[in-house]
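J.: predicted model, plus sequence, below.
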Amino acid sequence: MDATMKKKVSRYSAHIVLITASIFFMIPFVWMVSTSLKPLTQIFSFPPEWIPKPVEWSNYTNAMSYIPFFTYLKNTLVITFVSTIGVVISCPLVAYSFAKLRWPGRNILFIITIGVMMIPGQVTMIPLFLLFEKLGMVGTPYPLVIPAFFGVPFYIFLLRQFFMGLPDSLREAAKIDGAGEFRIYWQIMLPLAKPAVLAVGLFQFMASWTDFLGPLLYLTDSLQYTLSLGLQQFQSQKGSEWGLMMAVSTMMTVPVIILFFFLQKTFIKGITFSGIK
Amino acid sequence: MKLKANAQVVEQIESPKTPTGKQLKIVPKKKKSKWGQYKHGLLFASPWIIGLLVFYAIPLFSSIYFSFTTYSILQPGEFIGLENYKELMHDPLFWKSVYNTVYFVIYYVPLSIFFGVALAMLLNMKVKGMAVYRTIFFLPTLVPHVALAVLWMWLLNPGFGLVNGFLNSIGIDGPAWLGSETWSKPSLILMSLWGIGQAVVIYLAGLGDIPEDYYDAAEVDGANWFQKTFHITLPLLTPVIFFNLVMGIIGAFQQFTLPYALTQGQGTPANSLTFYVMYLYDNGFKFFKMGYASAMAWILFVIIMGLTAFVFLTSKRWVHYQGK
Amino acid sequence: MKQSKRRVGLLAFVFVLTFSMLLAGCSSDSSSSKGNGDQTTVTFWHPMTDVTGEAVEEVIKAFEKKNPDIKINAVYTANQGEGQNEKLLTAVSGGNPPDVAYFDRFEIGSWAAQGSLEDLSKLAEESGVTKDTYYPFAWEEASYEGKLYGMPTTTDSRLVYYNKDHFKEVGLDPENPPKDIAGLEEAAEKLTIKKGKKFKRIGFIPWYGQGWLYGWGWAFGGDFYDPETKTATANDPKVVESLEWIADFAKKYNVEDIAGFTDSQGSGAMDPFLSGQLSMKVSGPWEVSAIKKFKPDLNYGVFPMPTPTGENHTTWSGGWSVVMPKGAKNKEAAWEFMKFFSGEEGQKIFSGIARDFSVIDSVNEELGYKNDPILKEFVEILPNSHHRPVMTQGSLYWNELASAVENATRGNGTPKKLLDKVNDKVNKELKK
C-alpha cells in the first residue's frame, strides 16, 4: 500500500467514525426540532415517531404570539451581549496577571479563586440577593451583568492555563524592546490566547443566554423578562405545550449554533510561535 | 490577516534571541522599587480582587456563619454552634447523597476526560466538513434540560425506548435504566456524557495552542501516530486536562440540574438519584433549614478542596506548561 | 501601530454600545410600574399562563372596574413546581415582596410558622368573610394555629381514571368500576397483559400519578397528623396497612419492570394512560383537559379511590390561594383584591374560564360542574375531602412519605419500619 492510498483509507475511516458518533450526538437536537414541528396528538404517540406528520409550522408562529417573543429576545440579547463583553474584557486581564506577573499574595488569591467555585451557589444565592437589594439593583438587569466585569473564576482559571502555556521568552524579549506591561499583554499575549478567549466568550454567551434563575430572581417587571423565563411559561399544571416549547427552544439554539460555527474555525487554525506558517 | 500580523510581531520579538542578534548585551536596569515591580500584577488583577471582595466575600462569610445557626432564610435563627454538623453525621439521607455523588464523580470525571480528549483529537483532524462535525458534537449542550430530561426518559423507557429496542434486536434484554436502583446512576452518567461539548471546546482550544512545528519536527524524525500523540499532543494538552479535571471534580460534586429535572426533585428511584446538592437544596429551600444546608455546603467545600489540593500537588509531576 | 488603534477604537465602540444598551434596558422599568395620581398600585405575583392566565386577567379587569382607585400590577413569576419558591422567598427576605402572591395552600403552614405571611384573621372578620362560604378543607388548609393566612381560590381532588375500552375488552363492566380494594386488584390483574418479561399493558399502579400515600392512607381509614398534640402519625396502623398493600402490589408485578412508567414526569409528555399502556390511574381533574387536548377520542371514566370495605370513599385536595407576604406595602388595597378574587364574583369569573374547581360549592354548581359526567364525580366528593396536614414540616413530611413508598415498593425495609422512621424524623423536626 502506498502512502497516498494509506492516507485515503485513514481519511475514510475518520469520516466513518465521525459520522457514527455524530448520529449519537444529533439525537437530542433532532428530537427537539422534530417535536417542535409535531401536532399535539403526535407528541404522545407510542411507539415514538421521529418524523412529524403533518409538519406543524404553526407551533413557531403560535409560540411567538404566546409570549412576547421579540421583547424577550431583545432583553436576552442585551443581557447576553453586555455580560459577554464584560467577561472577555476582565477575565483575560486577571488570568494573565495570575499566569505571568509576579505580585505578593498571587498564589493565595489563585487558590481562593478556585475555592470560591467549590461552594454551591444555592447557599450564597440569598446573601448575594440581599447585597443587590441593598445596592438598589433588584428589579434591574444590573445584577445579571455587572459581576461579569469583575471576573468569573471559571474563566479566569481556564485562561490562566492558556497563558501559562505561552513562553516567558516572548515577554522578556518584548521587555527588552522596551514594551510596557500593558502593551505586552495587549499586543502579544492576548492575541496568542485568542482561541481560549473566544471559547470563554462563547461559554458566557451560552450561560447568559440560557440563564433562568438569575433573571427569575432579579427581574420584577415582565417587560424585562428573558427568553428562558418565557420558555417556562409553556409549562403549566394543565400539561405543557411541548410543541411550542420546543419551537422556542429551537429558535433559541440557532444563534448559538451560528456563533459556534464561525468561532470553531479559530480553534483549528492554532498559532505558531515561530511565525513560519 | 490578523494572524499573520501577530506572527510578525512574534517574529520581531523573537529575533533578539537568534544567535546573530546584536542586542543581546543588555545593561540591567536599576532595581525597581517593590511597588514598581508588583504594580502591574495587582493592577491587572484588580477587577477580580474587587469582584471577590464585593460579590463573593460577604455571601461566603455569611454562609459560614449561617452554618452555625438555625437560619431559615425567613428567620435569622439562633446560634447553635456545631449542632448542624453533628446532626448531619447522623442523617442517613446525607450519607446516601454522599455515596451517590461520590459514585457519580468516580465514574463521570475519568470518563469525561477520556472521551473529551478522544473526541477533541478526532475533531482536530484535517478532514473535510469538520466545521459541521464540531457543531454537531456541540449540539446536545444547547438543548434545554427540561427537554433533555423528557427525551431521555423516552429513549430509556424499559419497554418502548429506543435503547432497549436496539439491545433487544441484538439479543440483549435491557435493564430498566432510570427505573432501576442499580442502573439509574449509570444512566445519568451516560446522559451527562452527552453534554461533553463544552469540555471538548476547551480541549480543542488547547490543541490549537500546540505549535505545528513540533509535529513537523516529529514527522521529519519519522514518528508514528502513537509517538506523536503520547510525546507531543498529550503532554502539551496537560494544562487543559488539568483544568478540566479540577473543574470536572468541582462540577460533578455539584451535579444538580439534570437529576433534579429528571426526577422532579425526588431523587427517584428510592433516593438513588438524590445527589448532594439536591439534598442541600431541599433542606435550604423546602424545609427552611438554610443553616443545615450551609453546613452541608462547607462540608462539600472541605471534600472538594481536599481532592483539588491533591490534584494540584500531583500536577507538578504531570502537567507541562510550554511557557516554563 | 495601526492595528492597535483599530482595536482601541473597536473597544471604545463596544463600551459605548454596552452602556447605552444598559441604560436603555433600565429606563424601561421605571416607567411601567407606577400608577397615576390617586390610584394605589397593588403588585400581584402569579405563575399562571395560558387559560389560567386569561382567567386571572379577567378577574383583575372586573376588580379594577369595581375599584377604580386600585390598579393591579400583575407580574408572571415562573411556576417552578412544588416547594420551589425562590423568587418569593428572596423577595420576602429582602424586605421587598409583592403585595399579593398566588400561593400553593400546602405551603401556608410552614410559611406562616416562619412569620412570613400577614395574618388575615382581623381583615376577614371586619369584612365579614367566614369559613362557611368555603369547603371546610380549603379554609383549614389556609389557616395555621387558628389564624387565617390565605384566601383559598381553587381546588382539586383525586379519583381513579379508567379506560372503558380496556374494561370491555377483558370482560369487565365499564359502567360498574371496582369499589373495594379486592375488586381493584382483580380488575388490575385482568387488564394486565404481559409478554415474556415485558408488559404490553399494565392494569394499575397504585403509586403512579397522584397515587400518593396520603390518598391510600385516608382510603384505608388512617390518619397522618394529630393537630391536638401536633405530632405526625405516619405509623398509624391503617396507614401501615395501606403501604403494605402497595408493597404487595409491587412485589406481585415486579416493581423494576414497571418502574419505567412511574418515573416519567408527572406533567407527562408520554403519559401511559393516554397512550393506552396503563388502564387505570389515580389523577386529578386537570387530566380531563389534557385528555381533551392530546387524546380526544379516549373512552374513559372515573371512580373514587377504592377502600377495603367498598364504602366511605374519600380523597384529598390541594389547591391555591392568594396570600399577603410579610412586608406588603398596600395592605388594605391588597386585601380588597384578595377578597374579590376569593369571593363569589371573582371565583365565578376565574373558575369559569380556567375550569379549575372553585372552593365555593355554589359556584361549582352554578358553573355546571355538577352536570358534567366526569367532573361531577370530582366535585361531589369535595365535601368529604381531606387536606394535607397544616404543619411546619409539610414538605419534609411529603418527601419522607414519598421515599417511604419508594423503598417499600422496592423491598428496602418493611412498611411498618419505614413509616416508623418517617414518623421519628418528622416529629423530631416538629419539636424543634
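T.: Received, thanks.
J.: domain parsing for the chain?
T.: If you meant another chain, say so; for now it's chain A. Here the domain parsing of chain A from automatic domain parsing is A:1-56, A:67-269.
J.: hmm, I had chain C in mind actually
T.: According to automatic domain parsing, the ranges for chain C are C:40-156+C:318-384, C:159-316+C:393-431.
J.: could these go into a markdown table alongside mean neighbour count, distance to B:Ala57 and mean pLDDT?
T.: Using the backbone N, CA and C atoms, a C-beta is placed for each residue, glycine as well. Formatted as a markdown table, those follow (neighbours: other C-beta atoms under 10 Å in any protein chain shown; distance: least, C-beta to C-beta, whole Å; pLDDT from 0 to 100):
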| stretch | mean neighbour count | distance to B:Ala57 | mean pLDDT |
| --- | --- | --- | --- |
| domain C:40-156+C:318-384 | 20 | 19 | 93 |
| domain C:159-316+C:393-431 | 19 | 32 | 90 |
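J.: helices along the stretch 1-150 of chain A, start to end?
T.: Taking DSSP state H, counting those that start in this stretch, the helices of the stretch 1-150 of chain A run over residues A:3-36, A:40-43, A:58-66, A:69-100, A:106-115, A:121-134, A:142-145.
J.: mind checking those for the one nearest to A:Leu263?
T.: Using C-beta to C-beta as the measure, helix A:69-100 is the one of the helices of the stretch 1-150 of chain A that comes nearest A:Leu263, at 12.0 Å.
J.: quick check: which helices or strands does that closest one pack against?
T.: helix A:106-115, helix A:142-145, helix A:153-164, helix A:194-210, helix A:227-232, helix B:34-51, helix C:2-32 (3 or more C-beta pairs under 8 Å, 6 or more residues apart in numbering or on different chains; DSSP states H and E).
J.: out of those helices, name the one with the poorest average pLDDT.
T.: Lowest mean pLDDT within the helices and strands packed on helix A:69-100: helix C:2-32, at a mean of 53.
J.: surely A:Val254 is within a helix?
T.: Yes. Remark: A:Val254 belongs to a helix, assigned using DSSP: H, G, I helix; E, B strand; the rest coil.
J.: distance of it from B:Leu142?
T.: Shown here: A:Val254 relative to B:Leu142, a distance of 9 Å by C-beta to C-beta, to the nearest Å.
J.: is it true that C:Arg388 touches C:Gly319?
T.: No. If you go by C-beta atoms under 8 Å, C:Arg388 and C:Gly319 don't touch, sitting 10.8 Å apart.
J.: any residues in contact with both of those two?
T.: C:Glu141 (C-beta atoms under 8 Å, 6 or more residues apart in numbering or on different chains).
J.: what's the helix or strand for B:Ala252?
T.: In this structure, B:Ala252 sits in helix B:234-253 according to DSSP states H and E.
J.: what sits against A:Asn59?
T.: A:36-38, A:243-244, A:246-247.
J.: same thing with C:Phe303?
T.: Here C:Phe303 is in contact with C:159-160, C:162, C:177-179, C:377 (C-beta under 8 Å, 6+ apart).
J.: just to check, C:Val56 is in contact with C:Met48?
T.: Yes. Applying C-beta under 8 Å, one finds C:Val56 in contact with C:Met48, separated by 5.1 Å.
J.: common neighbours of the two, please.
T.: C:102, C:354.
J.: so how far is C:Ala354 from the residue in the stretch 101-250 of chain C that chain A sits nearest to?
T.: Closest residue of the stretch 101-250 of chain C to chain A, C-beta to the nearest C-beta: C:Asp156 (9.1 Å). To C:Ala354, C:Asp156 is 12 Å away according to C-beta to C-beta.
J.: kindly report the same for B:Val246.
T.: Distance from B:Val246 to C:Ala354, by C-beta to C-beta: 50 Å.
J.: secondary structure element for the nearest residue to A:Phe129 once chain neighbours are set aside?
T.: Spatial nearest neighbour of A:Phe129, excluding adjacent residues (C-beta to C-beta, 6 or more residues apart in numbering or on different chains): C:Thr90 at 4.5 Å. Using DSSP H and E, C:Thr90 sits in helix C:86-93.
J.: what does that helix rub up against?
T.: A:125-126, A:129-130, A:213, A:216-217, A:220, B:73-74, B:285, C:45, C:77-78, C:80, C:97-98, C:101, C:103, C:116, C:325-327.
J.: in strands, which of these appear?
T.: Using DSSP state E, the subset of the contacts of helix C:86-93 located in strands is C:45, C:101, C:103.
J.: could you dump those residues into JSON lines with distance to chain B added?
T.: Formatted as JSON lines, those follow (distance: C-beta to the nearest C-beta, whole Å):
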{"residue": "C:Trp45", "distance to chain B": "16"}
{"residue": "C:Ala101", "distance to chain B": "14"}
{"residue": "C:Phe103", "distance to chain B": "14"}
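J.: give me the subset of these touching chain A.
T.: Contacts with chain A are made by none of these, judged by C-beta under 8 Å from any C-beta of the partner chain.
J.: who touches the residue of chain A found nearest chain B in this structure?
T.: Across chain A, no residue is closer to chain B than A:Phe150, which sits at 2.7 Å (C-beta to the nearest C-beta). Going by C-beta under 8 Å, 6+ apart, A:Phe150 touches A:86, A:90, B:47-48, B:50-52, B:54-55.
J.: what does the stretch 101-250 of chain C have sitting close to chain B?
T.: C:110-111, C:114-116, C:197-199.
J.: residues from the stretch 151-300 of chain B in reach of chain C?
T.: Counting by C-beta under 8 Å from any C-beta, the stretch 151-300 of chain B sits next to chain C at B:153-154, B:156-161, B:173, B:176-181, B:263-271, B:282, B:285-288.
J.: pull out the buried members of the residues you listed.
T.: Among those, those classed as buried by 16 or more other C-beta atoms under 10 Å in any protein chain shown are B:153-154, B:156-161, B:176-181, B:263, B:265-271, B:282, B:285-288.
J.: how many residues are close by the one residue in the stretch 1-150 of chain B that gets nearest to chain C?
T.: Proximity of the stretch 1-150 of chain B to chain C (C-beta to the nearest C-beta) peaks at B:Leu74, 3.9 Å away. Using other C-beta atoms under 10 Å in any protein chain shown, B:Leu74 has 20 neighbouring residues.
J.: so what's it closest to, chain neighbours aside?
T.: Nearest to B:Leu74 is C:Gln114, by C-beta to C-beta, 6+ apart, at 3.9 Å.
J.: and the gap between the one you found and A:Ile43?
T.: 40 Å.
J.: quick one, phi psi at C:Pro178?
T.: For C:Pro178, the backbone dihedrals are phi -60, psi 150 (criterion: degrees, to the nearest 10).
J.: doesn't C:Leu191 make contact with it?
T.: No. Look at C:Pro178 against C:Leu191 with C-beta under 8 Å: they stay out of range, at 10.9 Å.
J.: tell me which element the residue nearest to C:Pro237 when sequence neighbours are not counted is part of?
T.: In space, and not counting its chain neighbours, C:Pro237 is closest to C:Gly222: 7.2 Å by C-beta to C-beta, 6+ apart. Here C:Gly222, judged by DSSP H and E, is contained in no helix and no strand.
J.: show me what contacts C:Gly222?
T.: Residues near C:Gly222 by C-beta under 8 Å, 6+ apart: C:233, C:236-242.
J.: I'd like these as CSV, with secondary structure appended.
T.: As requested, the contacts of C:Gly222 are exported to CSV (three-state DSSP):
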residue, secondary structure
C:Thr233, coil
C:Asp236, coil
C:Pro237, helix
C:Lys238, helix
C:Val239, helix
C:Val240, helix
C:Glu241, helix
C:Ser242, helix
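J.: any idea how far C:Asn96 is from the residue in the stretch 51-200 of chain A that chain C sits nearest to?
T.: Nearest residue of the stretch 51-200 of chain A to chain C (C-beta to the nearest C-beta) works out as A:Glu133 at 3.9 Å. Between A:Glu133 and C:Asn96 the distance is 6 Å, computed by C-beta to C-beta.
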